[in-house]
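K.L.:
Take a look and give me a structure for this.
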Amino acid sequence: MKISGSIYSDKKRTLQSTIMDLEAHQVDMLHVDCNDDPSVFEDIAKIREWCSMPIDLHIITQQPEQYFDLLRKHPVEYVTFQYEDLDHKLEIPSDIAGEKGLAIITPTPITAFDKYTNFDFILMMATIPGQSGGVFDPENFRKIRAFRKKYPNKNVHVDGGVNGEVSFILRNMGVHSSVSGSFLFKAASVGQALMDLTKREIESRFKIKDFMIPREECPIIEKSRLTLENILKSIETGGLGFTIVEDEHQMHGIISNADIRKALLKHLSNIEEMDPTTMINDMPVTIASNATVDEMLNKVRGQSFPVTYLPVLDNTQNAAGIVTFVNLIKGEI
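P.N.:
So this is what the prediction gives:
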């Protein structure tokens, strides 16, 4: 996941000093907030003189057209317009360079993007736009998951309340980039904050249930319906490499691609007589829905084998959802 440093969140130094510090610490992008203020482009012109870092521009205005010529004169790599401030459908001329994005606040549904499918990404505002130091609203975890399911080929950017723990969750969810402002500049150093955002975990505030794949989106099969065909269909439809097995709606175990492969190798000469229940791993590693991120990480670290997914159980030991680490693994390669 890329980190976009919010340049106006540093209130103690000159703009040039802030930019030079972000560049020295290899922040991926520079986030520039434009709250209906064309003079921001004067700063963009200065930034272009100081460095070659990509610029991530977020414009809040009711009159986006007044910025088109400025964007032509001062092209940026990413430009985002705030949806709630638009009083008509936004049409960005094709000669304006850079990836195009639509920003929405937490109460706005992702269906707002339906009229902007020609855009490249959505920006989820997880706190109040323009307000530094806010707290991440966990409703945005659900919105991110829903958007990625509906628009798998579009990127998700996030702005607001991103600390070390939130950054870990966002990376795990496959978010493309996150904006960091006060968290970067309130730390002992930008370098220390970046370590927290990209590698280290901090004290947990969120629960697994806040960001897991919910039960209704999980591959689940009843034990009474176990056949090789049904198992393969459930795994294929789920797209996670395994399926949860339930017995009268109670979690019984899981069957993974590896479990099927081992069973087939063992019964190659008599596949028709193979008992599908022998494929079930009835003691999988699981996590409670009320567990914290730290508890989950400690559990994963404590295993003697790589963990790529975790079934999530509620307080009655029923399947509540799944946490998968596929996006996190991809992002760390």
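
K.L.:
Run through the strands of the stretch 1-150 of the chain in chain order.
P.N.:
Read by DSSP state E, counting those that start in this stretch, the stretch 1-150 of the chain holds these strands, from start to end of the chain: 2-6, 29-35, 55-60, 78-82, 99-105, 121-125.

K.L.:
which stretch in those strands is the model least sure about?
P.N.:
Set side by side, the strands of the stretch 1-150 of the chain give their lowest mean pLDDT on strand 2-6, at a mean of 90.

K.L.:
quick one: strands adjacent to that one?
P.N.:
Strand 2-6 has the following strand partners under DSSP bridges: strand 29-35 (parallel), strand 177-180 (parallel).

K.L.:
Please export the C-alpha coordinates of that strand as CSV.
P.N.:
Taking Å, rounded to 0.1, in the frame of the first residue of the first chain, the C-alpha atoms of strand 2-6 are listed here in CSV:
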residue,chain,number,x,y,z
LYS,A,2,1.3,3.4,-1.0
ILE,A,3,1.5,6.2,1.6
SER,A,4,0.5,9.7,0.6
GLY,A,5,1.9,12.4,3.0
SER,A,6,-0.5,15.2,3.6
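
K.L.:
mind checking how far that strand is from the chain centre?
P.N.:
Per CA atoms, centre = their mean, to the nearest Å, the displacement of strand 2-6 from the mean C-alpha position of its chain is 14 Å.

K.L.:
before we move on, the earlier item: can you add distance to H157 and give the strands of the stretch 1-150 of the chain back as a markdown table?
P.N.:
C-betas here are computed from N, CA, C, even on glycine. Formatted as a markdown table, the entries for these read as follows, by distance: least, CB to CB, whole Å:
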| stretch | distance to H157 |
| --- | --- |
| strand 2-6 | 8 |
| strand 29-35 | 9 |
| strand 55-60 | 8 |
| strand 78-82 | 8 |
| strand 99-105 | 6 |
| strand 121-125 | 4 |
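
K.L.:
Nearest to V307, out of the ones you listed?
P.N.:
Between V307 and the strands of the stretch 1-150 of the chain, the tightest spacing by CB to CB is seen for strand 2-6, at 25.5 Å.

K.L.:
which one of the strands paired with strand 2-6 is the most hemmed in?
P.N.:
Each of the strands paired with strand 2-6 was assessed for mean neighbour count using mean count of other CB atoms under 10 Å. The highest is strand 177-180, with a mean of 26.

K.L.:
tell me the mean pLDDT over that strand?
P.N.:
If you average the pLDDT over strand 177-180, you get 89.

K.L.:
residues in contact with it?
P.N.:
For strand 177-180, the surrounding residues in contact (CB atoms under 8 Å, 6 or more residues apart in numbering) are 1-6, 28-29, 31, 56, 155, 157-160, 162, 166-167, 170, 193, 197.

K.L.:
let's see it at 10 Å
P.N.:
Applying CB atoms under 10 Å, 6 or more residues apart in numbering, the external contacts of strand 177-180 come out as 1-6, 9, 27-29, 31, 33, 54, 56, 58, 78, 121, 123-126, 155-163, 166-167, 170-171, 187, 190, 193-194, 196-197.

K.L.:
Excluding sequence neighbours, find me the nearest residue to D95.
P.N.:
Nearest residue to D95, sequence neighbours excluded (CB to CB, 6 or more residues apart in numbering): R72, at 6.8 Å.
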